[in-house]
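1. Below are the sequence and a predicted model; questions follow.
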Amino acid sequence: MIGDDERLLSPLRRAGRGTLSSPNFYVIDATGACFKAETRQPTSRCGRDCLPAGPVVRPGAVVWTGSVPISAALTRAPVDHRLSFQEDLNTPEIELFTCFVLEGGRFAFCPEYPAKYRMHSSSETSAGLKRERLVPYLEPIPVDAAETKPYERRFMEPLLVMGRLS
């Protein structure tokens with residue numbers, strides 16, 4: 001039987017440099033207990049429950065749906081040397097992974113749950129995500145109109161409204 005870590009690493013070994021592998025993840029509390037509903041909710045909302053295992057065919061669309069969790073993504077150097085997080089964002093993955101797609105990066109999906117995301121009261125996430133800060137970084141990124149534009153629009157519309165209200 002193949003272990004979860006091997007399922008996540010296997011696409012990286014096969015595809016080599018320039019590939020990012022991402023799995024599903026369990027949401028756990030401060031004691032390590034699993035939140036079943038909180039685990040299912042992002043998996044379903046982001047469409048990971050419909051993604052087949054292996055190479056991602058439309059990486060731009062997958063990134064704009066939020067299907068690539070930063071907390072569980074693995075990649076091989078030199079990808080992480082070419083791109084970096086915007087340090088003023090507490091939700092940097094969309095911007096980072098969209099730039100990764102533009103550079104020709106490939107994605108692989110692992111439907112298993114080898115990772116755990118801990119929720120607790122003193123985390124940055126529990127203080128509230130500041131997604132409206134993404135707008136100045138995301139607006140200039142070119143998007144393929146046919147394949148990716150609907151996903152980008154669905155992601156950006158609420159952020160633009162939030163930016164106008166604040």
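-> Here it is on my side, so go on. Numbers count the residues shown, from 1 in each chain.

2. pLDDT-wise, which helix or strand of this protein ranks last?
-> Among the helical and strand segments of the chain, the one scoring lowest on mean pLDDT, DSSP states H and E is helix 79-82, with a mean of 55.

3. Wait, residue 20 touches residue 108, no?
-> Yes. With contact defined as Cβ atoms under 8 Å, residue 20 reaches residue 108; the gap is 7.4 Å. The C-beta positions use only the backbone N, C-alpha and C, and glycine is treated the same way.

4. contacting residues around the residue most central in space within the chain?
-> A centroid search over the chain (Cα atoms, centre = their mean) returns residue 68, at 2.3 Å, as the residue closest to the centre. With contact taken as Cβ atoms under 8 Å, 6 or more residues apart in numbering, residue 68 is in contact with 20, 22, 62, 93, 97, 107.

5. got the buried residues for the longest helix anywhere in the chain?
-> If you go by DSSP state H, the chain has its longest helix at helix 149-165. Neighbour-count burial for helix 149-165 flags 151-152, 155-156, 159 (criterion: 16 or more other Cβ atoms under 10 Å).

6. that older thread, what about the contacts of residue 68, which are in helices?
-> Short answer: these in helices (DSSP H) are 62, 93, 97.

7. So residue 106 is in contact with residue 21, correct?
-> No. Using Cβ under 8 Å, residue 106 makes no contact with residue 21, being 9.6 Å away.

8. who has more neighbours, the two?
-> Set residue 106 next to residue 21 and count neighbours by other Cβ atoms under 10 Å: residue 21 wins out with 25 against 19.

9. The more buried one reaches residue 14, doesn't it?
-> No. Under the criterion of Cβ under 8 Å, residue 21 makes no contact with residue 14, lying 9.9 Å away.

10. before we move on, which element is residue 24 in?
-> Secondary structure assignment for residue 24, by DSSP states H and E: strand 19-28.

11. partner strands of the strand ranked longest in the chain, parallel or antiparallel?
-> The single longest strand within the chain, with elements called by DSSP state E, is strand 106-118. Take DSSP bridges as the rule and strand 106-118 pairs in its sheet with strand 19-28 (parallel), strand 54-55 (antiparallel).
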